[in-house]
Every structure is written in structure tokens, then in C-alpha cells.
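S.K.: can't give you the sequence, but here's the structure:
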């Protein structure tokens, strides 16, 4: 790593960066240590603030340090590099989904706080703004007592719909409150959108691998799934999708384009634009699950595909379940040209969404509390992903492959094909560790040698011990 900085040695910032790189690699500066502030570095090295900043940018580009929002620069863990999984190659034929029995068997775990929670994607309570929400909830309940205890309109409370529309601008979506329908979580939003554009027996295109909750929704509606080849970094492969559209009658696409679950892939904006155009020409609706879009580790939130939609064919779905309050079950959809149909289905499905909870979330989003909370949460999750990646490289077989997510809260681990992660799941559970086996993420039970880790927790030695245990199991399988 130090040698990779040699080319910059002629510049002052390069010599400063080289000095820090040596301290990091020799262990003088350890993973998690805070670097001197840019101002302090400028004073101690007697250089300009610009030179100090360039030195840190060089170190960050070499993956030696990373910036934490409004906190400074910190030393990153150094790991031996593990390769990423390759582009997936599913059969891409319509398939009946029969996942519920397997999912129920794996996910019906006893409620036990002693289990290391690497399985289901639930954010740790310590990362959620529980106390702030409780205060808002009590305040709203007192101030708006009569309103809060009444039914809300089927489309949702205006206060919340305005905040959702306002925040949509950050993802490039030009929306007004009338475009929004509030739902009981993203699951209901996706359910309603699927029912609005497809019927039992119809085929829905999904990523491969894809979130098992979406597969279960497709199964519950009597629809079929067709899995599309997916790049672990860039998401759905458009060539594979175009080929599937020519060969099969696809009624809708259901994709997670920003930090997909389980791969953590993010489709580049230009590719999103091409995707929207491709589906518009084929007159195929896109149901976009953007539940992880706010959990980006970079400077700017990625755009939603809805930002490129001029025909109303993109049905954007999201919720606060991964970022604020999973138990509130507050979600929404911007269903475009299908809004009237979705609104009718909402009225016949759950009629309304709890009013008090809508008002509390609206007030939380209206202030700057949400942005401050997100900064802290993203820092913790990014650190967990980094440290977990280091541990996997250290403790798992050398043939192991892992993803490199730039957001979201999951890691996808690909083991040698001889290892059955259903067996690993059982062994891990006996030791008090939960994981999600790869078979859950495919309608054809592919990915039997893969598993997903939930990194939505503050890192601690407990998680390193769990990964070390998993690594020992895999070495013996």
C-alpha cells in the first residue's frame, strides 16, 4: 500500500499521506483511531488546509481511512482482499414460487436476546431514534387527540404525504403530496402495486438473488417469478432483462435498485434511465422497492428510477422500517398512472394506516432530526460491514467471496459450492448465531452455498466471535 503512494511523493500532500500510510500499516495508528482534524494537520505539518485535505483524500482513495459525516477521518481496517461474487446466471424461466414453508422453518426463531442477530434484517434498537419518537408520539397524542384517534383518509394523512413528497426530491423525484399513498409498511405497498398491474398466474421479473419477502408476496398472490441475471455491484443486467422480455410475457418488474437485498448492489443512474426507457417501450410497469435508498455511505443519496419516469410506469415503494421505526409499519407508494387502482385496493385491503403513527413520523421527518439520525446510523452500519468483511477474510476459507456494498445493511457471502448453508444455519443456531441461508433468496432454491448477514447493529466483539465461529464451521464442512 505504501508503494502505491510513491507516484505522489513529488507532492507535499503525497509525502504526508505516505507517512500516515506507514503508521497505519505498522500499527501505530490502529483501525478505528481518529485522524487529526484537517485544521490540526495543517498546523502541525505547516501546510495549507488544501494540502492537508489532499493528503486525506489520497489516503481515503487507497482505502486506508474513511470520513464519517461531521466527525472527521478514521483509520479503516486493513484486510486481505477477497474477490466479489460474479454476475449471477439464473435459468430465467417463469417459476412457481413455493418458499413459504422453507421461510417459516428458518425464520420462526424463538425470541432470544442471546442469539447473535445476523439473520433477519432488523436494525438494532440502539441505532433507532426510539426516545425521540416516544416524545413526539406523546406530544402528538396530546395535541391532536381527536384527530389522532380517528380514521385517516385511505391515501394517508396530508402531513405525512407532504413530508414524503418533500423528501422525494433528494432521490430526484419531482412529487407532490397527492402522488403519495400511505401504506402499512413497504410490504403492503408492494402487494397493492402487484395487484394493480398483474393477476394470479402472471409472471413478475425479479433480481437473482432477491429479497425473500418479495418472493413470498408474489407467492401469496398466486403469481410466478422469473429471475434475471444480476451484477453484485451494478444490479440487474439489462441485456438479460431485454432477452427475457422477448422470450416471456412479463407483466411487471419488482426490483431493489439502490442497495439491493441481499447483494447490496446499486444500479448506476445512467443504467436506471435505460431501464425505465426499456420497460416503457415494452409497456411493463416497474415496481421499485427503494427501502434502503437513504442508507447510502457516500456523499449524496442515489437517485430512484422514478426520477427518470415521464410516463407514470414506475411505482415507487418505500417505508421507515429500516431507518426509523420497524414496529410502526409506515410505508408508502408513488404509483404513477396506477394511483386510482392502488387507492381502491388500499381501501379494500386495510382501509387506512394508523393515524397517530403517521402524524408522529411526519413530525420526525419535518425537523432535521431525521438527517442527524441517519448520519449516525450510516456510520455505525458502514463500520460493521467493514469490520465483518475483515473478519470473513481472516476466518473463512480462502475461496470465499463477499460483496462490497456502498449502502444498505447486508453482506452477501459466497462459500465453496461444497458447503450447504442450510446445514451451516443449523450448526450456527445451535451456537446461538442466526444467519439467512442463500436458498431463501431464490424461487428455484439456488444459492445453497451462500448466506446473508444483517449488519444493522453496532459492531462489538460479540459479532467478531460469531464470525470466527462460523468460519471454523465452514473450514470443517
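M.R.: Done, it's in. Treat the numbers as computed from the prediction; the structure is a model and nothing was measured.
S.K.: hang on, residue 356 packs against residue 152?
M.R.: No. Residue 356 is beyond contact range of residue 152, at 9.3 Å (criterion: C-beta atoms under 8 Å). Glycine gets a C-beta too; all of them are placed from N, C-alpha and C.
S.K.: More neighbours: the two, which one.
M.R.: A direct count of neighbours by other C-beta atoms under 10 Å for residue 356 and residue 152 places residue 152 higher, at 22 against 19.
S.K.: The more buried one belongs to a helix, doesn't it?
M.R.: No. Read with DSSP: H, G, I helix; E, B strand; the rest coil, residue 152 is coil and lies in no helix.
S.K.: Now do the contacts for the nearest residue to residue 470 once chain neighbours are set aside.
M.R.: Nearest residue to residue 470 in three dimensions, chain neighbours excluded: residue 428, at 6.0 Å (C-beta to C-beta, 6 or more residues apart in numbering). Each residue near residue 428 by C-beta atoms under 8 Å, 6 or more residues apart in numbering is listed here: 434, 435, 466, 469, 470, 473.
S.K.: Which strand or helix spans residue 428?
M.R.: helix 421-430 (DSSP states H and E).
S.K.: Likewise for residue 242?
M.R.: Using DSSP H and E, residue 242 maps to helix 238-247.
S.K.: Now the element after that helix, going C-ward?
M.R.: Next helix or strand after helix 238-247 toward the C-terminus (DSSP H and E): strand 250-255.
S.K.: mind listing what that following strand pairs with, with the direction of each?
M.R.: strand 203-207 (parallel), strand 286-289 (parallel) (DSSP bridges).
S.K.: Same question for the last one: list its buried residues.
M.R.: Residues of strand 286-289 classed as buried: 286, 287, 288, 289 (neighbour count, 16 or more other C-beta atoms under 10 Å).
S.K.: Repeat that for the longest one.
M.R.: Neighbour-count burial for strand 203-207, with 16+ other C-beta under 10 Å as criterion, is recorded at 203, 204, 205, 206, 207.
S.K.: Quick one: name whatever helix or strand follows that strand.
M.R.: According to DSSP H and E, the helix or strand after strand 203-207 is helix 212-220.
S.K.: Centre of the chain to that following helix, how far?
M.R.: 18 Å (C-alpha atoms, centre = their mean, to the nearest Å).
S.K.: Point out the other helices and strands that it packs with.
M.R.: When contacts are defined as 3 or more C-beta pairs under 8 Å, 6 or more residues apart in numbering; DSSP states H and E, helix 212-220 packs onto helix 100-107, helix 185-197, strand 203-207, strand 224-228.
S.K.: State the mean pLDDT of it.
M.R.: The average pLDDT for helix 212-220 rounds to 97.
S.K.: For it, list every residue counted as buried.
M.R.: By 16+ other C-beta under 10 Å, the buried positions in helix 212-220 come out as 212, 213, 214, 215, 216, 217, 218, 219.
S.K.: go on, stretch 413-421?
M.R.: Using 16+ other C-beta under 10 Å as the test for burial, stretch 413-421 gives 413, 414, 415, 419, 420, 421.
S.K.: Stretch 42-56 now?
M.R.: 42, 45, 47, 51, 52, 54, 55, 56.
S.K.: Please apply the same query to stretch 272-283.
M.R.: Neighbour-count burial for stretch 272-283 flags 272, 273, 275, 276, 278, 279, 280 (criterion: 16+ other C-beta under 10 Å).
S.K.: Next: stretch 308-318.
M.R.: Buried, per 16+ other C-beta under 10 Å, within stretch 308-318: 308, 309, 312, 313, 314, 315, 316, 317, 318.
S.K.: Quick check, pLDDT for the first one.
M.R.: Looking at residue 308, its pLDDT stands at 98.
S.K.: measure it to residue 314 for me?
M.R.: According to C-beta to C-beta, to the nearest Å, residue 308 stands 8 Å off from residue 314.
S.K.: Any chance of JSON lines for the buried residues of stretch 413-421, columns pLDDT and distance to residue 293?
M.R.: Shown next, in JSON lines, are those (pLDDT from 0 to 100; distance: C-beta to C-beta, whole Å):
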{"residue": "413", "pLDDT": "98", "distance to residue 293": "24"}
{"residue": "414", "pLDDT": "98", "distance to residue 293": "25"}
{"residue": "415", "pLDDT": "98", "distance to residue 293": "29"}
{"residue": "419", "pLDDT": "97", "distance to residue 293": "33"}
{"residue": "420", "pLDDT": "98", "distance to residue 293": "34"}
{"residue": "421", "pLDDT": "97", "distance to residue 293": "28"}
